[in-house]
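Asks: compute the structure for the input listed below.
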Amino acid sequence: MPHTLAAPVHSDLLIKKSRFIGCVQPVADRATAQAVVAGLRAAHPGAAHVCWALLAGGQSAAHDDGEPGGTAGRPMLEVLRRQDLDGVLATVVRYFGGVKLGAGGLVRAYTDAVAQAMLGADKVPVQKTVTLHCSVPYALEGWLRRELAAAGATLVQASHGSAVAVMFSAPDVVAAALRRRIDDAGQGAVGWLDEMSG
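Replies: You can find the predicted model right below:
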């Protein structure tokens with residue numbers, strides 16, 4: 001079963017005067033990962049390289065950011081793959097110290113920066129979720145919000161018209177029981193749209 005990370009974890013290595021600041025963190029998708037990388041570039045304007053690797057379902061990627069091809073992003077991605085991870089971004093910010101490391105040295109440095117961060121990482125199982133859409137009478141909205149929170153579900157959107165249209169995501173292991181409780185409480189007044197797995 002693939003795992004993700006509970007929280008971001010950092011490493012900081014000094015190798016032949018170059019500083020390698022590594023981070024592994026949970027991310028949902030490529031767009032989120034690219035936003036994180038853009039934030040790192042803004043936070044480290046003096047860095048020579050901001051390399052990254054992403055494992056997120058079908059959105060995996062590796063980027064060398066100007067380092068010689070295959071010496072940064074791909075080795076970082078391999079560290080994540082060996083850990084059986086999904087929904088994880090690895091980044092390494094490099095401040096060049098004036099000493100060239102060579103291809104082998106770069107591979108080792110980027111691999112080590114990610115591996116060091118992984119040593120402190122708390123891995124948690126990837127939990128599949130189901131997104132559900134329903135409409136409930138106004139009288140049930142407060143109850144529904146409390147029920148979602150108690151079930152570990154996340155309210156994604158609520159809109160108010162003739163009824164309250166609600167979209168929420170719930171762990172797939174509790175989704176069916178949660179849906180039955182909502183149906184029971186609604187006594188026939190709850191309307192459902194199709195569900196999507198996530």
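Asks: just give me the longest helix of this structure.
Replies: Ranked by residue count and defined by DSSP state H, the top helix of the chain is helix 102-119.
Asks: next, the spatially most central residue of the chain: phi, psi?
Replies: By C-alpha atoms, centre = their mean, the mean C-alpha position of the chain lies nearest to Val27, the distance being 1.5 Å. Main-chain torsions, Val27, degrees, to the nearest 10: phi -140, psi 150.
Asks: just to revisit the earlier point, which residues touch the longest helix of the chain?
Replies: 9-11, 13, 15-16, 18, 20-24, 51, 53, 67-68, 70-73, 75-76, 78-80, 83, 90, 92, 94, 101 (C-beta atoms under 8 Å, 6 or more residues apart in numbering). (Each C-beta comes from the backbone N, C-alpha and C, glycine too.)
Asks: quickly list the domain ranges of the chain.
Replies: The domain map for the chain lists 3-125, 129-197, with the assignment taken from automatic domain parsing.
Asks: count of neighbours near Lys17?
Replies: Around Lys17 there are 11 other residues, counting by other C-beta atoms under 10 Å.
Asks: again but with Val124, I slipped
Replies: Neighbours of Val124 using other C-beta under 10 Å come to 12.
Asks: need the nearest residue in space to it, chain neighbours excluded.
Replies: Ala6 (5.0 Å; C-beta to C-beta, 6 or more residues apart in numbering).
Asks: dump the residue contacts of that neighbour.
Replies: Applying C-beta under 8 Å, 6+ apart to Ala6 gives the contacts Pro26, Ala121, Asp122, Lys123, Val124.
Asks: and it, how close does it get to Val174?
Replies: As judged by C-beta to C-beta, to the nearest Å, Ala6 and Val174 stand 20 Å apart.
Asks: same check on Arg180?
Replies: Arg180 sits at a distance of 11 Å from Val174 (criterion: C-beta to C-beta).
Asks: looking at those two, which one has more neighbours?
Replies: Neighbours were counted for Arg180 and for Val174 using other C-beta under 10 Å; Val174 has more, 16 against 10.
Asks: could you report the neighbour count for the nearest residue to that one once chain neighbours are set aside?
Replies: Sequence neighbours aside, Ala151 is the residue nearest to Val174 in space, at 5.1 Å (criterion: C-beta to C-beta, 6+ apart). The number of residues packed around Ala151, counting by other C-beta under 10 Å, is 17.
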